[in-house]
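Q: Have a look at this prediction, sequence included:
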Amino acid sequence: MGPLSIAACASLAVWLWLTFGQGMFWRTDVRLPPRTPPARWPSVAVVVPARDEAAVLPLSLPSLLAQDYPGEAEVFLVDDGSTDGTGALALALAREHPGLPLTVSCPGDPAPGWTGKLWAVRHGIGLARTAHTEPPEYLLLTDADIAHEPDSLRELVAAAVSADLDLVSQMARLRVVSVWERLVVPAFVYFFAQLYPFRRINRPAARTTAAAGGCVLLRTETALRAGVPESIRQAVIDDVSLARAVRRAGGRIWLGLAERVDSVRPYSGLGDLWRMVSRSAYAQLRHQPLLLVGTVAGLALVYLAPPVALCAGLLTGQPVAAAAGGLAWLLMAGTYLPILRYYRQSAALAPLLPLTALLYLLMTVDSAVQHYRGRGAAWKGRTYARPSDA
């Protein structure tokens, strides 16, 4: 066999393993576990770190204030140095949408060695612990662009109590409206699930661990035991780091797709989506050049080789390359269909996954380039050093 056929067969072998051996990552039926209302509803503090979120806050904060929760709950919005009036807007929204009590606070610039978000989370947790005689039993850590249906908190708490879970995390349904969002966003969730298969994460003794930072319900006692957020204060990818800290502390974790939790942040152009991915892609690779090379080679073999082998094989009369490439591409598209259905998108987008993977490959390379130019992990006016340099 020639090099093209070898590459096509290798890609097909990888896709056979991914489809049947990677925790059925492509299935979208991992939703909140079975639950019943607890006999007593525990107290909850909702902590919302927010930096320059005035554009999305009117769509998200009222949904938190309107939570239909039978127990004691309070919202703490921490204004992380916003310049667009985020804190004042939050107070105005609370007056217009009365519901759960809201406290707005600003902790000032983060201390050395802290990311802005985790500094804000630390401040919010501190406020929640001292607001009443008894600290809250659970913390809901949710981003400022996440909108919750009225029963979201109730269902999260019921799931955590029923299954005795220390951390319950839902991957919010991201906005998919613009052309670029349709092409890039479902693939983001697909790639995340491929890297962190939900079923595997949810096993009690699993080594694979992750969470989705937009919606995390965390038992306060476990957070203290895990030293959160101090133990992860430098983390750029804070949700995965949080899950690992909780797992190390003996906590039980659950991660799945959301049904009634949505991100309202728009990514109208490719540039917005590019920055979202590239700001943390190289951090995900632990800033290791060899891992970057391996990732680029792997993406090329797994996602780009199948269509190239199919087309080139047909043009040059190499039936093995064409057949293996076509089958690999078919498996790729077939495993992508459930995520497209979850996002209510056309199945016609499934064969375009190699194009989307090429974009992610370029975003990852750009993330490394920006890192070595001193602009890595840049977000909303801040640039963070790699943890060892912080």
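A: Right, received. Where do you want to start? This is a predicted model, so every value here is computed, not measured.
Q: Was I right to think Val56 contacts Asp262?
A: No. Between Val56 and Asp262 there is no contact under Cβ atoms under 8 Å: 11.2 Å. Any C-beta I mention is one placed from the backbone N, CA and C, and that applies to glycine too.
Q: Please work out which residues outside the helix or strand containing Gly87 touch it.
A: Take DSSP states H and E as the rule and Gly87 turns out to sit in helix 86-96. Outside helix 86-96, the residues within contact range by Cβ atoms under 8 Å, 6 or more residues apart in numbering are 50-54, 57-58, 61-62, 65, 77, 79, 102, 104, 106, 144.
Q: Narrow those to those in strands?
A: Per DSSP state E, strands hold the following members of the contacts of helix 86-96: 50, 77, 79, 102, 104.
Q: Looking at those residues, spot the one nearest Ala309.
A: Nearest to Ala309 among those: Ala50, at 47.5 Å, using Cβ to Cβ.
Q: which residue packs closest to the closest one, ignoring adjacent ones?
A: Among residues not flanking Ala50 along the chain, Ala144 sits closest, at 3.9 Å (Cβ to Cβ, 6 or more residues apart in numbering).
Q: repeat for Pro307
A: Excluding the flanking residues, the one nearest Pro307 by Cβ to Cβ, 6+ apart is Pro354, at 5.1 Å.
Q: so where does the one you found fall, helix or strand?
A: Per DSSP H and E: helix 353-372 holds Pro354.
Q: So for that helix, what gets flagged as buried?
A: Within helix 353-372, the residues that qualify as buried by neighbour count (16 or more other Cβ atoms under 10 Å) are 353-354, 356-357, 359-361, 363-368, 370-371.
Q: Check which helices and strands that helix sits against.
A: In terms of contacts (3 or more Cβ pairs under 8 Å, 6 or more residues apart in numbering; DSSP states H and E), helix 353-372 is packed against helix 179-195, helix 270-284, helix 289-299, helix 319-342.
Q: gap between the shortest one and the chain center?
A: What that stands for is helix 289-299. 22 Å (Cα atoms, centre = their mean, to the nearest Å).
Q: tell me which residues of that helix are tucked away?
A: For helix 289-299, using 16+ other Cβ under 10 Å, the buried residues are 292, 295, 299.
Q: Just give me the closest of the residues you listed to Gln345.
A: The nearest member of the buried residues of helix 289-299 to Gln345, counting by Cβ to Cβ, is Leu299 at 21.9 Å.
Q: tell me the contacts of Val216?
A: Here Val216 is in contact with 140-142, 167-169, 239, 242 (criterion: Cβ under 8 Å, 6+ apart).
Q: if you set the cut-off to 10 Å instead, what comes out?
A: Counting by Cβ atoms under 10 Å, 6 or more residues apart in numbering, Val216 touches 47, 121, 139-143, 156, 167-170, 238-239, 242-243, 246, 255.
Q: Helices - which of those residues land there?
A: Secondary structure defined by DSSP state H assigns 121, 156, 238-239, 242-243, 246 of those to helices.
Q: Determine which two of the residues you listed are furthest apart.
A: Greatest spacing in the ones in helices among the contacts of Val216, by Cβ to Cβ: Leu156 and Asp238 (18.9 Å).
Q: higher neighbour count, those two?
A: Higher neighbour count among Leu156 and Asp238: Leu156, with 28 against 23, using other Cβ atoms under 10 Å.
Q: Against Met363, how distant is that one?
A: Going from Leu156 to Met363 by Cβ to Cβ, to the nearest Å gives 31 Å.
Q: Also Arg225?
A: Per Cβ to Cβ, Arg225 is found 36 Å from Met363.
Q: Just give me the neighbour total for the closest residue in space to Arg200 that isn't next to it in sequence.
A: Distances taken as Cβ to Cβ, 6+ apart put Gly23 closest to Arg200, at 4.0 Å, once the chain neighbours are dropped. By the criterion of other Cβ under 10 Å, Gly23 has 20 neighbours.
Q: ok so Gly23 is a strand residue?
A: No. With DSSP: H, G, I helix; E, B strand; the rest coil as the criterion, Gly23 is coil rather than part of a strand.
Q: thinking again about what came up before, may I see the buried residues of helix 289-299 organised as a markdown table, with pLDDT added?
A: Below are the buried residues of helix 289-299 laid out as a markdown table (pLDDT from 0 to 100):
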| residue | pLDDT |
| --- | --- |
| Leu292 | 95 |
| Thr295 | 96 |
| Leu299 | 97 |
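Q: Let me know the outermost residue of this structure.
A: Of all residues in the chain, Gly317 has its C-alpha farthest from the mean position, at 43.5 Å, by Cα atoms, centre = their mean.
Q: what's the spacing between that residue and Leu330?
A: For Gly317, the distance to Leu330 - Cβ to Cβ - is 21 Å.
Q: looking at the sheet around Phe76, what are its partners?
A: Taking DSSP bridges, one finds Val47, Thr103 as the beta-bridge partners of Phe76.
Q: Just to check, it is in contact with Cys106?
A: No. In this structure Phe76 lies outside contact range of Cys106 using Cβ atoms under 10 Å: 11.7 Å.
Q: what about Arg27, which SS state?
A: What three-state DSSP gives for Arg27 is coil.
Q: Which phi and psi values does it adopt?
A: Torsion angles at Arg27 (phi, psi; degrees, to the nearest 10) stand at phi -80, psi 150.
Q: Now for it: which residues touch it?
A: Residues in contact with Arg27 (Cβ under 10 Å, 6+ apart) are 193, 197-199, 257, 335, 338-339.
Q: just these now: which is nearest His132?
A: Closest approach between the contacts of Arg27 and His132, by Cβ to Cβ: Leu257, at 33.5 Å.
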